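**Student:** Everything below, folded, please.
(2 chains, ligands or ions: 1)
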Amino acid sequence: MEKFDRLTAVAAPLLRDNIDTDAIIPSREMKSVSKTGLAAGLFAGWRYTTIGGRDPDPQFVLNKPAYAGARIILGGSNFGCGSSREHAVWALHEYGVRAVIAPTFSPIFFGNCIRNGIVPVRLPAETIAAIAAWVEQDPARHQVTVDLEAQTVAAGGALQRFELDDEPRAMLLEGLDAIDLTLKQRPAIEAFRNRDQAARPWIYL
Amino acid sequence: MARTLFDKLWSQHEVLTLGGSVSLIAIDRIFLHERTGSVALKSLRQAARPVVDPSRVFCTMDHIVDTLPGRGDDTRMPGGKAFIVETREAATEAGIRVFDVRDPQQGIVHVISPELGIVLPGATVVCPDSHTCTQGAMGALAWGIGSTEAEHALATGTLRVNRPKTMRVRFEGPLAPGVTAKDLTLALISRHGSVGGNGYAVEFAGSAVRSLEIEARLTLCNMATEFSAFTGMIAPDDKTFEYLRGRRYAPQGELFERAVAQWRELVTDEGARFDREITIDVGELAPMITWGTSPQHAVPVTGAVPTLEQSGTPREAYERALTYMGLEPGTRLDQLAIDAAFIGSCTNSRISDLRRAAKILEGRKVAPNVRAICVPGSMTVKRQAEAEGLDQVFRDAGFEWRESGCSMCFFAGGESFGTRERVVSSTNRNFESRQGPETRTHIASPETVAASAIAGRLADVREIAAAA
Ligand code: SF4
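**Tutor:** Here you go, the predicted structure:
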């Protein structure tokens, strides 16, 4: 996984609450058993004028020239709710998004971000609304900085601190592979398993 | 010290603490399906990482698989067949038990897992599916994960999990006629919001929960994810143990008795503290239905489409929901004509759901111009329903009767109810385009769906039952 420390980029406001993973990537856009080939389907239902089509809807934020190259999404509460499909995060990542700033995230989407090098930043809705208002004045120039080391978001001269647990933060900062890391704990896992098997034999089939 | 059910489940599975609030948690059961499990298995194989304990991993074909009679690997979804074929290949190669398309025990993951005794009290169960919380009704710690997390669980038998806070939701009092577990969950989410449970593991408790049968408890826990909770759970009791006795993967004989003795400890101790508590008086509840595009947009079926102020929803979202659903504030919900009715999904497709719906349908006909479909949650449920003659009741009333699977609970790219068609559905999500592009979904209990199908409009099941 690629490392994340600091990113300054165009931020696209999508301040709707409850943006679900099917809105981020509709089922019909997940055409094969693959983690790639998903960027074109990102927000397909909103981004294109027809279902399954590819004609950009000029009203949709990511289609506006000023937001070209956006790498940060400003979202509403419960971002990424609905289906657990990780394709939503893979599609965002493939499109170039590296941070999503929202008041709350669905827990599964939040975990999926951590495992794929996207920083989920939790800030109060009013703060995000203020950042969005500043961005909208001149999206290409009013870029937002997410600093994971310092755990801050800088926008319009204001600096906001955000919370992220040490473990996920370290995973993102160092681009660690969680499986590799856990496999180092094999002795502890095996010891646990031996104890547990004696205590709860019915769990082991 | 007094501990909650969650505390007990957590500490029993904690292999290590990893710093902050993250722990390495042992995983007892992993379930996969062809929609999201396929990619996890494929990616694991590419990384040459073996599945650490395949005997504790299960896989079903439920999401994309066709539900029309005579089905095989072909699906209505473009490219759907590849998901089925690749999942079968990868799972078989890894030595995982697959409930395949023609398996007599095939069905929706959260229906067959309890049915086969795969989920057990005190077990940790994960699946790359958000409704895995359903299985918490068995006294398990069961939650939905992403595909990468599924790879992690498969390769290590563990997950690195951030410990959630705890919440107890007590439903107290007797349920009025026509009020079901589905109505309890819709009432909770409508009052406390679709993010009300964010950050929490939620225990459902109280006299109303104790009175629910196991299948209804599964319905209650099913929508914990619509509450944005980490998961939902219910302390196991005699009903749970009796439900599991003799099930295929449950312990048998003397081992079962030993297990039950341990499972009896899985209750929240007197005086244990939760980070948050909510109590809902069940006596005052009526059958619920959703009017908008979030499960929190639910009101009693006898109510009206709320005004902006009543809705508790920000203006933009409120207006968007009304436009999407084609509604005006103040319209009585039971006046809304419907185009379709769907009974199925991991929320409400078990035998008790079908029995209750059939009771409403018996001797009646679905209104003209309403397309009605019933999809049993598993092949076992289907056979049981057929043995009881319920399929005939559904068919005689004008319902399609199908093979088991997720079917039109979600739009996979194939079958849909159609643009702007109004559907009353026993499922769990009324999101925009959930059941097909621009389809308008109203979520309710199976009996409300049945009553509405007959009336040709959203209907109060109590009114239909009284007219008998
Ligand atoms: S029935 Fe619906 S909600 Fe349940 S697992 Fe299938 S698609 Fe998901």
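**Student:** which SS class is B:A40?
**Tutor:** State at B:A40, reduced to three classes by DSSP: H, G, I helix; E, B strand; the rest coil: helix.
**Student:** pretty sure it is in contact with B:P128, am I right?
**Tutor:** Yes: contact criterion C-beta atoms under 8 Å: B:A40 and B:P128 qualify, at 6.2 Å. All C-beta spots, glycine's among them, are computed from the backbone N, C-alpha and C.
**Student:** Spit out the residues that contact the two alike.
**Tutor:** B:32, B:147, B:150 (C-beta atoms under 8 Å, 6 or more residues apart in numbering or on different chains).
**Student:** Of B:A40 and B:P128, which one has the most company?
**Tutor:** B:P128 (31 against 28; other C-beta atoms under 10 Å in any protein chain shown).
**Student:** so what's that one up against?
**Tutor:** Counting by C-beta under 8 Å, 6+ apart, B:P128 touches A:84, A:86, B:32-33, B:36-37, B:40, B:144-147, B:149-150.
**Student:** With adjacent residues omitted, what lies nearest to residue 171?
**Tutor:** Picking chain A for this. Excluding the flanking residues, the one nearest A:M171 by C-beta to C-beta, 6 or more residues apart in numbering or on different chains is A:I114, at 5.9 Å.
**Student:** looking at chain B here, not the other one
**Tutor:** B:A208 (3.8 Å).
**Student:** Check A:I72 too.
**Tutor:** Closest residue in space to A:I72, ignoring its immediate chain neighbours: A:A11 at 3.9 Å, by C-beta to C-beta, 6+ apart.
**Student:** Could I get the contacting residues of that neighbour?
**Tutor:** Applying C-beta under 8 Å, 6+ apart, the residues contacting A:A11 are A:70-74, A:101, A:131-132, A:135, A:139, A:143-144, A:155.
**Student:** right, and A:G175 touches A:F4 too?
**Tutor:** Yes: if you go by C-beta under 8 Å, A:G175 and A:F4 touch, sitting 7.3 Å apart.
**Student:** How about the stretch 301-450 of chain B, which of its residues are in the neighbourhood of the ligand?
**Tutor:** Contact residues (C-beta under 6 Å from any ligand atom) of the stretch 301-450 of chain B with the ligand: B:345-346, B:406, B:409-410, B:427-428.
**Student:** I'd like those written out as a markdown table, with secondary structure and distance to B:L333 added.
**Tutor:** As requested, those are exported to a markdown table (DSSP: H, G, I helix; E, B strand; the rest coil; distance: C-beta to C-beta, whole Å):
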| residue | secondary structure | distance to B:L333 |
| --- | --- | --- |
| B:S345 | coil | 21 |
| B:C346 | coil | 25 |
| B:C406 | coil | 26 |
| B:C409 | helix | 22 |
| B:F410 | coil | 23 |
| B:T427 | coil | 17 |
| B:N428 | coil | 19 |
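**Student:** From those, pick the one nearest B:V393.
**Tutor:** The closest of those to B:V393 turns out to be B:S345 (C-beta to C-beta; 19.7 Å).
**Student:** quick one, phi psi at the residue of chain A found nearest the ligand?
**Tutor:** Nearest residue of chain A to the ligand, counting by C-beta to the nearest ligand atom: A:S83, 7.0 Å away. Backbone torsions of A:S83, given as degrees, to the nearest 10, read phi -50, psi 150.
**Student:** Pull the contacting residues for the nearest residue to it once chain neighbours are set aside.
**Tutor:** Leaving aside its sequence neighbours, A:S83 sits nearest to A:T21 (C-beta to C-beta, 6+ apart; 4.8 Å). Taking C-beta under 8 Å, 6+ apart, we find A:T21 in contact with A:80-85, A:87-88, A:106, A:109.
**Student:** returning to what we had before: among the residues of the stretch 301-450 of chain B next to the ligand, which are within reach of chain A?
**Tutor:** B:F410 (C-beta under 8 Å from any C-beta of the partner chain).
**Student:** What ranges in chain B fall below the confidence cut-off?
**Tutor:** Along chain B, segments meeting pLDDT under 70 span B:468.
**Student:** longest helix of it?
**Tutor:** The single longest helix within chain B, with elements called by DSSP state H, is helix B:80-94.
**Student:** Does at least one residue of it sit close to the ligand?
**Tutor:** No: on the criterion C-beta under 6 Å from any ligand atom, helix B:80-94 is out of touch with the ligand, staying 13.4 Å away.
**Student:** contacts for that helix?
**Tutor:** With C-beta under 8 Å, 6+ apart as the contact definition, helix B:80-94 has outside contacts at A:32-33, B:32-35, B:37-38, B:41-42, B:44-45, B:50-51, B:54, B:57, B:59, B:61, B:63-65, B:73-75, B:98, B:100-101, B:154, B:412-414.
**Student:** in its sheet, what does the next helix or strand after that helix sit against?
**Tutor:** For helix B:80-94, the following helix or strand on the C-terminal side (DSSP states H and E) is strand B:97-99. Here strand B:97-99 is paired, per DSSP bridges, with strand B:57-60 (parallel).
**Student:** Secondary structure element holding B:L68?
**Tutor:** Judged by DSSP H and E, B:L68 forms part of no helix or strand.
**Student:** Based on its surroundings, how many neighbours for the closest residue to it other than its chain neighbours?
**Tutor:** Setting aside the residues directly before and after it, B:L68 is nearest to B:R402 in space (C-beta to C-beta, 6+ apart), at 6.5 Å. By other C-beta under 10 Å, the residues close to B:R402 number 21.
**Student:** doesn't A:I203 make contact with B:S55?
**Tutor:** No: B:S55 is not in contact with A:I203 according to C-beta under 8 Å; the separation is 10.8 Å.
**Student:** Please identify which of these two sits among more neighbours.
**Tutor:** The neighbour comparison of B:S55 against A:I203 (other C-beta under 10 Å) goes to A:I203, with 19 against 11.
**Student:** And the nearest residue to B:E438 once chain neighbours are set aside, how close does it get to B:S407?
**Tutor:** Nearest residue to B:E438 in three dimensions, chain neighbours excluded: B:T419, at 4.5 Å (C-beta to C-beta, 6+ apart). From B:T419 across to B:S407, the span is 19 Å (C-beta to C-beta, to the nearest Å).
**Student:** With chain B as the reference, measure out to A:V100.
**Tutor:** 15 Å (C-beta to the nearest C-beta, to the nearest Å).
**Student:** Let me see the contact set for that residue.
**Tutor:** Contacts of A:V100 by C-beta under 8 Å, 6+ apart are A:72-73, A:75, A:79-80, A:92, A:113, A:118-121.
**Student:** who's it bridged to?
**Tutor:** Residues in beta-bridge contact with A:V100 (DSSP bridges): A:I73, A:P120.
**Student:** Repeat that for B:F399.
**Tutor:** B:A372.
**Student:** what about the closest residue to B:D353 other than its chain neighbours, how many residues close to it?
**Tutor:** Residue nearest to B:D353 in three dimensions, not counting chain neighbours: B:P446, with 4.5 Å by C-beta to C-beta, 6+ apart. Counted by other C-beta under 10 Å, the residues lying close to B:P446 total 31.
**Student:** cool, the one 10 residues further on as well?
**Tutor:** B:G456 has 16 neighbours, counted by other C-beta under 10 Å.
**Student:** list the contacts for it?
**Tutor:** With C-beta under 8 Å, 6+ apart, B:G456 has these contacts: B:337-338, B:367-370.
**Student:** 7 Å instead, please
**Tutor:** Each residue near B:G456 by C-beta atoms under 7 Å, 6 or more residues apart in numbering or on different chains is listed here: B:337-338, B:367, B:370.
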